[in-house]
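Student: need a structure here:
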Amino acid sequence: MACPELTSLRSPRVTAARRLAKRGFRGKERRFIAEGPQAVREAIAHRGGEERTLIELYATPEASERHADIIAAARAAGAPVLTATDEVVAEMCDTVTPQGIVGLCRFLDVPFDDILRARPKLVAVLAHVRDPGNAGTVLRCADAAGADAVVLTDASVDLYNAKSVRASAGSLFHLPVAVGVTVEQAVAGLREAGVRLLAADGAGERDLDAELDEGTMGGPTAWIFGNEAWGLPAQTRALADEVVRVPIHGRAESLNLATAAAVCLYASARAQRASGGCRSVTFS
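Tutor: Numbers count the residues shown, from 1 in each chain. Below you'll find the model as predicted:
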């Protein structure tokens, strides 16, 4: 094994990485930390315009050997690769049990207007979503359902929170994401682009099954998802074309946000796609 190049917790690189645990520093520097081999692999493959998304890669000697393919890919992409002690890598990470490999990445969100110009057919709008794990999981669901984009409103959690990045399981790097848009701007822009706005809410007058049975979900659609505890405010529901509830056929009181989002997004994907041609589903 190669000797670690970074051994001091007081190294400027380590200090700079730890500062990114705070939203203010992330926003100022427009950089974030991606932890683990899956996130780093996707960061290497992603490019933000002319710039690499992955700025630098840090790995322990053991992780460098275990993930030699990732190390080689990073070097081939022109990203510096530095070996570090377990303690140094752990200091850069948010997790209790780091996987020994982390990437320093550039922000990759895109302007909302870019999403609108692409004429999206399926969009997830996260309005008032405050839990980073839920935000990342919904992003992962949107990616799996074949959504064209995700929009996080200005009232939602930071996209680059370490828990959001981890929960997205690499999907953060797969589809366009806009941030900092007001709910009103998101609704107005998507509606002008010919997208139907559906607010997902347990108190909705419309039933998801009825929407599917009546064949009303085949066109371009944006789902608006609200806060985990109190759902969508009345003023946000009023902006939507319809407020739709996921039917509860059993005795459960409700569905959590990520589960409801998966059901809604897949319902739209099914309505919009011809039968067949769908990839097999894997679980992790």
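
Student: neighbouring contacts of the worst-scoring helix or strand of the chain on mean pLDDT?
Tutor: Every helix and strand of the chain was ranked by mean pLDDT, DSSP states H and E. The lowest is strand 47-48, at a mean of 76. Residues from elsewhere that reach strand 47-48 (Cβ atoms under 8 Å, 6 or more residues apart in numbering): 53, 106-108. (Glycine included, C-beta is placed from N, CA and C.)

Student: Apply 6 Å and report the result again.
Tutor: With contact meaning Cβ atoms under 6 Å, 6 or more residues apart in numbering, strand 47-48 is reached by 106, 108.

Student: do you know how far the residue nearest to residue 84 when sequence neighbours are not counted is from residue 103?
Tutor: Nearest residue to residue 84 in three dimensions, chain neighbours excluded: residue 6, at 3.8 Å (Cβ to Cβ, 6 or more residues apart in numbering). Residue 6 is 14 Å from residue 103, where distance means Cβ to Cβ, to the nearest Å.

Student: about what we covered before: give me the number of residues near the residue nearest to residue 84?
Tutor: Per other Cβ atoms under 10 Å, the neighbour tally for residue 6 reads 19.

Student: For the remainder of this discussion, apply numbering that starts at 459.
Tutor: Understood, numbering begins at 459; the last thing we discussed is residue 464.

Student: pLDDT score for it?
Tutor: Note for residue 464: predicted pLDDT of 78.

Student: Just to check, it is in contact with residue 545?
Tutor: No - the criterion here is Cβ atoms under 6 Å, and residue 464 misses it with residue 545 at 9.8 Å.

Student: For the stretch 509-658 of the chain, which segments count as helices?
Tutor: 519-524, 526-534, 544-550, 570-575, 590-602, 620-625, 641-650 (DSSP state H, counting those that start in this stretch).

Student: Take those helices and write them to CSV, including distance to residue 691 and mean pLDDT.
Tutor: Listed next are the helices of the stretch 509-658 of the chain as CSV, based on distance: least, Cβ to Cβ, whole Å; pLDDT from 0 to 100:
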stretch, distance to residue 691, mean pLDDT
helix 519-524, 45, 94
helix 526-534, 43, 96
helix 544-550, 38, 93
helix 570-575, 21, 97
helix 590-602, 17, 96
helix 620-625, 22, 95
helix 641-650, 9, 96
